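Novice: Just the structure for this:
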Amino acid sequence: MKLLSPVLVVPALCVAACAQERSDVALRSGSSSALHPHSPSISVTSEGVAPRPPRVPAQYNSVNMSRPIVALTFDDGPHPELTPRLLDILRQNGVRATFYVIGRNVETYPDIARRIVAEGHEIANHSWSHPALTSLSAGRLNSEIANTSEVIQRVTGRRPTNMRPPYGAINDRVRASMLREHGLDVIMWSVDPLDWKRPGAEVVRRRLVDGATPGGILLAHDIHPGTIEAVPGTIQDLKAKGYGFATVSQLLALQERSVAQAQPPAAAGDEGPAVQ
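Specialist: Next up is the predicted model:
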């Protein structure tokens, strides 16, 4: 199928962003017409914009679409120096990304978390202290996720609608807790540049660009200097290939069918350790 040009991608993303902003306003105002975070999925078609029925949370490695759109995602922040540098780069390039944040880092650096949201990025749950969730008791699992969502909402005014398990460690028990008890989409990834191994900015850039496909979810970490150095070139190369960028929630809103892409989760440990 022929890919749409970036000129056509931009209106689609604007529609999704505007729909999300209307939903956010309703949620903040306490309006009875406020939609559940998983309800306002918008499908952009050749006939125009049509609402989809509400969907239930699901696990995603990528999103089914033919449009050349990807989601840049960054894990383990906020970092006091590197995350602001990354935000500067994203702003200069007009790109919105999704930040999977550590709860205790949000508590330590609330101004950076607020800046993430203020500049139009998505902020999402990556646990409180970055443990392997599969190794936790039910009580500890609940507190790692619930406390993180609560601090994000308290600091930024936004409650996360999706999460990423540290190290990609997921099993049926953890998945059921995220989807059913916490109502969070589980977001894995389709491209892992292994930036936590610090292979160098050019290697990270090449892996991200070469691995990108429509609907792809690109994993990176805003706690490694080499990753930050790789971002400008990555954006430049992807734009040259005709790609646009979306937050994860925007990507989900633009998917071409409402069924979750049933892909095996990434192998535990691929994400690498958090740097504390």
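Novice: and the helix or strand harbouring Val231, average pLDDT?
Specialist: Taking DSSP states H and E as the definition, one finds Val231 inside helix 225-240. Across helix 225-240, the average pLDDT comes to 98.
Novice: My guess is Asp93 contacts Pro232. True?
Specialist: Heads up, residue 93 is Asn, not Asp. Yes - with the criterion set as C-beta atoms under 8 Å, Asn93 and Pro232 qualify as a contacting pair; they are 7.1 Å apart. To be clear about C-beta, it is placed using only N, CA and C from the backbone, and glycine gets the same treatment.
Novice: tally of neighbours for Ala146?
Specialist: Taking other C-beta atoms under 10 Å as the criterion, the count of residues near Ala146 is 15.
Novice: Also the one 4 residues further on?
Specialist: Glu150: 13 surrounding residues under other C-beta under 10 Å.
Novice: Check the gap between it and Val106 for me.
Specialist: Computed with C-beta to C-beta, to the nearest Å, the distance linking Glu150 and Val106 is 10 Å.
Novice: what do you get for Ile69?
Specialist: 27 Å.
Novice: now Asn147
Specialist: When Asn147 is compared with Val106 (using C-beta to C-beta), they lie 10 Å apart.
Novice: which of those two has more neighbours?
Specialist: When neighbours are counted by other C-beta under 10 Å, Val106 comes out ahead of the other of Asn147 and Val106, with 26 against 17.
Novice: ok but the more buried one is inside a helix, no?
Specialist: Yes - under DSSP: H, G, I helix; E, B strand; the rest coil, Val106 falls within a helix.
Novice: OK, contacts around the nearest residue to it once chain neighbours are set aside?
Specialist: Using C-beta to C-beta, 6 or more residues apart in numbering and skipping residues adjacent in sequence, the residue nearest Val106 is Ala113, 4.6 Å away. Listed by C-beta atoms under 8 Å, 6 or more residues apart in numbering, the contact partners of Ala113 are 78, 101, 106, 123, 152, 155-156.
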